[in-house]
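> following is a predicted model, sequence given first.
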Amino acid sequence: VKGNVLEIFESFQGEGPYVGAPQIFVRTGGCHLRCAYCDTPESWTTEGSAAWEADALAAELERRAAARRFHSISITGGEPLLQAEFLADVLSRRKPLPVHLDTSGTLPERLARLIDLVDVVAMDIKLPSCPGTRADWDETERTLAVAARKEAFVKIVLTRDTTEEEIARAGGIIRRVDPSIRLFLQPATPFGGQEPPPPERVARFRAAAGDLCVFVVPQIHVLMGWK
Ligand code: SF4
């Protein structure tokens, strides 16, 4: 199986609980969503991606992992799960480091295909108030139930249009799947006409999440100028 890889690079994780961790990033090409706040629109299509053989990509990751100390491999996109079969093929050959998977949280069956080979799932919950997302609460809950088989956390991008009802509903899903799952509220990086909400609303969103473990973390890689 061949896969579409937009880029492989080395940097620090910029989101969630592993902010600052040195990682080897694999950015896959292709996404089925068009979130208005998306900061990687170049990953929406496979244009610009290179076709990699699974064995060649596995060898490349092993080579980079041997050359320097990294915390983990970050598989990001685009939506990596559109290529779940390819990624399973890569990771079942060689897995030199723990794997941190970013996903839109919309493809439960594909995540199930890959979950045994992944160590950390960074799962978005897409909200209906954001144009371009496909917000389907049932699909979200089924995806989170698969993610919870490994270490998982949820990320929600906050925009000026986010509502407390949406956060409460997302919180309900987390509580039903596993109330210990951490919720990262990520004020939107101004991009694509999107703006973060004012600070007082962020406090209300935290309250709307009830007793969940809530963190508020912006995109650190953007602030720091990391790739
Ligand atoms: S799922 Fe991710 S890559 Fe796809 S459009 Fe949304 S933010 Fe961009």
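Happy to help now that I have it.
> where does residue 206 land in three-state SS?
Following DSSP: H, G, I helix; E, B strand; the rest coil, the label given to residue 206 is helix.
> meant to ask about residue 10, not that
strand.
> which strands and helices sit next to the helix or strand where residue 7 lies?
Here residue 7 is covered by strand 2-12, with elements defined by DSSP states H and E. In terms of contacts (3 or more C-beta pairs under 8 Å, 6 or more residues apart in numbering; DSSP states H and E), strand 2-12 is packed against strand 22-28, strand 50-53, helix 54-67, helix 84-93, helix 220-224. Where C-beta positions appear, they are placed from N, C-alpha and C, glycine not excepted.
> now the ones you listed as CSV including mean neighbour count?
Below are the helices and strands packed on strand 2-12 laid out as CSV (neighbours: other C-beta atoms under 10 Å):
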stretch, mean neighbour count
strand 22-28, 21
strand 50-53, 15
helix 54-67, 16
helix 84-93, 20
helix 220-224, 14
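> out of those, the one nearest residue 148 is which?
Nearest of the helices and strands packed on strand 2-12 to residue 148, taken as C-beta to C-beta: helix 84-93 at 17.7 Å.
> may I have that closest one as CSV, with CA atoms only?
The C-alpha coordinates for helix 84-93 follow below in CSV (Å, rounded to 0.1, in the frame of the first residue of the first chain):
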residue,chain,number,x,y,z
ALA,A,84,-5.6,4.1,8.2
GLU,A,85,-4.6,1.0,6.2
PHE,A,86,-1.4,2.6,5.0
LEU,A,87,-0.5,3.8,8.5
ALA,A,88,-1.2,0.4,10.0
ASP,A,89,1.1,-1.1,7.4
VAL,A,90,3.9,1.4,8.3
LEU,A,91,3.6,1.0,12.1
SER,A,92,3.3,-2.7,12.1
ARG,A,93,6.6,-2.9,10.3
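> quick check: what element follows that helix along the chain?
strand 99-103.
> just give me the residue right at the centre of the protein.
residue 102 (2.6 Å; C-alpha atoms, centre = their mean).
> can you tell me how far that residue is from residue 74?
7 Å (C-beta to C-beta, to the nearest Å).
> report the contact partners of residue 76.
Contacts were defined as C-beta atoms under 8 Å, 6 or more residues apart in numbering; by that measure residue 76 touches 25-28, 102.
> would you mark the buried spots in the strand holding residue 7?
By neighbour count with 16 or more other C-beta atoms under 10 Å, strand 2-12 contains the buried residues 3-8, 12.
> angle of that strand against strand 22-28?
150 degrees (axes from the mean of the first three to the mean of the last three C-alpha atoms, to 10 degrees).
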